[in-house]
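Undergrad: below are the sequence and a predicted model for it; my questions follow.
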Amino acid sequence: MVTIRPATPDDYPAIGELTTAAYVTAGHVAPDDEYAQILVDMAARQHELYVADVDGQVAGAVNIVTPGSEHSQVAYDNEGEFRMLAVAPQYQGRGIGRALVQFVLDQAQAQGLHQVAITTMTTMTSAQAMYEAMGFHRAPERDWNLYTAGYTDDPEGHETFMVYIYPLNSTTSSKGDSWLTT
C-alpha cells in the first residue's frame, strides 16, 4: 500500500537519491547543471514536501506549491502547483507518480483552488503521458524558458519548459482512496 505523508528529515537522503535518479541519471538534467543541486537542496525543498511511502520505503516525492509561494513558477492566483515530482527507478510504472499527483490534486481541491499547474521538460514524455491520462491539458501559452523567466539575459538556445493545467471542480477529488493518507 502507498501512503502519502509529509517528509521528515530522515527521508531527505532517500529523496535526494531518487530525485537525482529521476532527473540526472535518467538524462533530463546534466550533472553539472545548477538545477541538479536545487533538486537535492532539502533545506530549500522541505516546505510542503511529501513522500510516497511503500512498506516503510520512500518510493517517490513531490513538492506542493501554494498560491503566492516564492517557489511558484507558473501558477496564477488561485492555482496550485507542484514541482520536482520524482519516483525511484525500482518503483516506476507502479502508480506511485499517479498517487502523488492525485494527492496534490486532492489537496488543491480541499483548499478551494481552481486549477493545478505543472511544468515539465520536453524529454519527460512518460510524465506527460501520465498527466494527459489523468486529465491535464497543455497550456502552451504558458510555456517558458530561462530567458522568458528572467534567469538569463541571453535569449538564445534555451530549452522550452512545457506547462500542463488540471482544472478542478467538485467532481475531481478522490478522497477516501485507500492510498491517500497523511
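TA: Sure thing, it's come through. Residues are numbered from 1 along each chain as shown.

Undergrad: next, count neighbours for Trp9.
TA: In this structure residue 9 is Pro, not Trp. Residue neighbour count, defined by other Cβ atoms under 10 Å, stands at 8 for Pro9. To be clear about C-beta, it is placed using only N, CA and C from the backbone, and glycine gets the same treatment.

Undergrad: against Glu132, how distant is it?
TA: As for Pro9, its distance to Glu132 is 35 Å (criterion: Cβ to Cβ, to the nearest Å).

Undergrad: check Tyr164 too.
TA: Look at Tyr164 and Glu132: by Cβ to Cβ, they are 8 Å apart.

Undergrad: so the two - more neighbours on which side?
TA: Tyr164 (22 against 12).

Undergrad: in space, what's closest to the more buried one - neighbours in sequence excluded?
TA: Phe136 (4.1 Å; Cβ to Cβ, 6 or more residues apart in numbering).

Undergrad: contacts only, for that neighbour.
TA: Contacts for Phe136 (Cβ atoms under 8 Å, 6 or more residues apart in numbering) come out as Ile118, Tyr164, Ile165, Tyr166.

Undergrad: surely the last one touches Leu105?
TA: Yes. The pair Tyr166 and Leu105 passes the contact test of Cβ atoms under 8 Å, sitting 6.2 Å apart.
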